Structures are given as C-alpha cells and as structure tokens.
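>>> just to be clear, the model below is a prediction. Sequence and coordinates:
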Amino acid sequence: MWARVKLDIAWSDLAYGLRRCVITPDRVLLEESIERRSSAAGNALVCFSVRTAFDLALQTLEFSPGSEILFSALNIKGMAKIARRFELVPVPLDLELDSMLPSPDAIERAITPRTRALVVAPLFGTRGDLSPLIAAARRHGLRVIEDCAQAFSGPSYSGHPESDVSMFSFGPLKFATALGGALVHVRDPVLLEVMRKRASSYPVLSTSAYAGRVLKFAALKLVSARPVLAMLTSAWRLTGRDYEDALAEPVRGVAPLGSVHQIRRRCPAAMLALLERRLFGFEAAGLAPRIHAGRRLLALLSGVVVCPGAGNPTHQFWAFPILVENPSGVMRALRRAGFDAATLRRSATVAPPGDRPWLDPVVAREALARLLVLPCYEGMPERELRRQAETIRLACASPACNPTPERA
C-alpha cells in the first residue's frame, strides 16, 4: 500500500528531536537565532502554528466586530473559525480551478465598506502570481495575509513582498516538518512588535508533550511504510473499521482546529532546535524527485481527470489532488489496487454571509466534493505511477464508480 502522505522527516531528525528533549538548549537564544537567520530585514517571527500567527494578527489588528475578511474559499476549517471568534465575518472568494486562487474580479464582487482584510491561501504546494490580487486589495485599503501553510519550498522564499503577513507551517505533514512550529514574516514593524509582545505571554508547550509528539510520529512513520500499512489496512478492513480514522486521528489531535487553548502557546526549546535543523538544513534540490513524480503523474492523467492547481507556474506537489465524479468509488478502487487515496476531511469551503447568497463559492464547493488526494512522491517508480493512473482511468469509466441516474 502506497501511503498518500510521506512524512518528510528522517529517523535521524526524530532522534535529534528526542535528544533535544533530554539535553535542552536555551529556548530564547534559539528563537532569536531562527528569526535573525530567516530575515535580513528583521521581520521574522516564530510561532507555535499558522493558526497561532493568524490569531495573533487578528488580536493585534483589532478590527471592529462585524468587520469582514475575504478568504480564499477553500481552507482548513479552523481559519474561518478563528475569525468568527473575533466577531468578524468571513466572506468567501470563489476559486479558479487552474490556479486554485481567486481572481481580482472576485474581490471586487465581494468588497463592502466593512471589508478590512484579504486572506489568500496557495494550495497543494503550488504558488501562483498574487500580484493582481494584492493590487486589488490595496485599491480598497485592505490588509493582506498570505497563508503559505502548504507552500514552503525553502527559506529563500518568504512570501510575496507586498503581503502584510506571510505564514509558513512546519506541522507534521508539511515539507521540512519539525512536528510543529511556524515561521511568519510581518512587514509592518509596529504590527510585528505587538504580535511578538503578545506571543511572549503565551505558555510554552512542555518538553514532555513534545517528546510524546515525536514518539507518536515515529510510530506513524513506521506504520506508513508500505508492508506495515498494507498489513494494517487489511486487518482494519476485516473488522469493518475505517483505517483512515485510526491513522489520521493522531495527526488531527496534535492541535484541534480553532482551539484557543491549543494554539495560544509557544514552541518548546526542543521543537525550536528541530525547526532550526530542518529549516536551515533544507535543500530545495531535494524536492526535484517529488516534482518529477508529480509531473509524470500529471502527464499520465492528462485527459482523464482535472488536476486543480496544475496551471500554476510553481508546483512542489506537497499534495496531488484530482477531481472525479464519484470520489468514494474511485477511492475504493485505488485502495484495492494499493494506493491510499483520500478526501480532504480537514478542509471546508467558507460559507457566504446570509445576506449575500450570491457569493456562494460554487466552484470551490463542487471541487471539494469531487476531490481526492493521491500518493505521489519520490520513491514511487514509473511503473507504479502508471498503474495508479490506469486504475483511475478504469475506475472513472466503470459504471460501478459512475452509476447512470435512473430515468423517471
């Protein structure tokens, strides 16, 4: 069984993280070092997670209740929930499938005198041209927050230079994961200073909690190995249990979506040590085999399915999404063939305000309903990529996966 996600962390990194839980370095010096090395302009801030950074930004910006924030229509559920906690109104901007970004026209349709900010999220490891979106936002005096949680490609890229805030995640499933942590670039010095001061009052996650996290993901790395995963999925199937719940729940449990208690924290020293190691030991050339695999699978699926976001000029293939008419049927076919396809359970579309139903993000909502994420990364040989593509082609053509509606 090919796991749909390959944890981007070596056994040596996990051992280093555990060692730093025992021999604990100076937390403050590590944090200062990471921030200094990450930005010559001095605008970097280390946070516990991207949601921590977003929550900090909203606290500091102090938008009045009832203010509106424009969101790329598809994101993890917790981001809009954080905005609502501040009595702000999330407003969706529908997406274009080729880029999975909104258009400047979508901003113009959604803008009102109450709009205060734009949150744009490049998806699946892609990076498109945000300049037209940022220009449209600036014409209306909006703050621009760039949610780059899925877009890290090395420390040389710090987000669009015109964004107010650019947020990068090093959570468990991300490139160069430190099993937590976020690096944020805040280009307004006043905003940065207040965010830094607020964050300094947060409690630090305990070293023991972080050690438990490292051990948990060491176990997940073990069970996601092909032979072990195949054995476990067969066992779960016999019991009638969905193995995805059993494997994914530990990942989701790291930081429940939108929980204030979970996100208003600081990184422990051991997490910072691993973050420094992963961040500054990262080699962009190491992504080349994954990018090659992604481009091959794109070519093999050409004319078979839609691959959202494939039109972006930069694609690191953090995830490989496809759109199919019957996701559950195609997913079953792929799993029978040994490919661990899955839906995006943590993602959701942002609902439109009740008084503007015409802003319903139809494209994003329909895409999410049809979306599957496929295993596609370095180490998958050409024959397996071809076999996966052929499985998808046959499944999409099968009446069992695409039943014809009965005529009245």
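Here it is on my side, so go on.
>>> next, residue 167: secondary structure please.
At residue 167, secondary structure determined by DSSP: H, G, I helix; E, B strand; the rest coil is strand.
>>> now do the contacts for it.
47, 50, 53-54, 145-149, 159, 182-184 (C-beta atoms under 8 Å, 6 or more residues apart in numbering). C-beta: built from backbone N, CA, C; applies to glycine.
>>> can you give me the strands in the stretch 251-400 of the chain?
314-315, 320-323, 347-349, 371-374 (DSSP state E, counting those that start in this stretch).
>>> what number of residues lie near residue 367?
22 (other C-beta atoms under 10 Å).
>>> next up, identify which helix or strand residue 78 is on.
Per DSSP states H and E, residue 78 falls inside helix 77-85.
>>> low-confidence bits of the stretch 301-408 of the chain, can you list those?
For the stretch 301-408 of the chain, applying pLDDT under 70 flags the ranges 400-408.
>>> keep only those of the contacts of residue 167 that are in strands.
47, 145-147, 182-184 (DSSP state E).
>>> just the buried members of those?
Among these, those buried by neighbour count (16 or more other C-beta atoms under 10 Å) are 47, 145-147, 182-184.
>>> which one of the residues you listed is nearest residue 7?
residue 182 (18.0 Å; C-beta to C-beta).
>>> measure that closest one to residue 52 for me?
Residue 182 sits 7 Å away from residue 52, taking C-beta to C-beta, to the nearest Å as the criterion.
>>> also residue 218?
24 Å.
>>> what ranges do the helices span in the stretch 201-350 of the chain?
Under the criterion DSSP state H, counting those that start in this stretch, helices of the stretch 201-350 of the chain are mapped to 207-223, 226-239, 243-252, 260-263, 269-280, 288-301, 327-336.
>>> so which of the ones you listed is nearest residue 91?
helix 260-263 (22.6 Å).
>>> how about low-confidence regions in this protein?
Short version for the chain, where the test is pLDDT under 70: 226-259, 400-408.
>>> and the strands of the stretch 251-400 of the chain: which comes nearest residue 284?
strand 314-315 (11.3 Å).
>>> by contact count, what packs against that closest one?
Judged by 3 or more C-beta pairs under 8 Å, 6 or more residues apart in numbering; DSSP states H and E, the packing partners of strand 314-315 are strand 126-127.
>>> strand partners (parallel or antiparallel) of the strand it packs on?
Strand pairing for strand 126-127, using DSSP bridges, gives strand 314-315 (antiparallel).
>>> in this protein, which residue is most central in space?
residue 150 (4.0 Å; C-alpha atoms, centre = their mean).
>>> just say helix, strand or coil for residue 92.
Residue 92 ends up strand, using three-state DSSP.
>>> separation between it and residue 369?
15 Å.
>>> quick one on the thing from earlier: which residue, other than its chain neighbours, is closest to the residue nearest to the centre of the chain?
Among residues not flanking residue 150 along the chain, residue 318 sits closest, at 5.2 Å (C-beta to C-beta, 6 or more residues apart in numbering).
>>> between residue 92 and residue 369, which one's more packed in?
Taking other C-beta under 10 Å, residue 92 and residue 369 do not tie; residue 92 has more neighbours (26 against 12).
>>> check contacts around that one.
70-73, 110, 349-352, 359-361, 364.
>>> can you tell me which of the residues you listed are in helices?
In helices, defined here by DSSP state H, the members of those are 110, 364.
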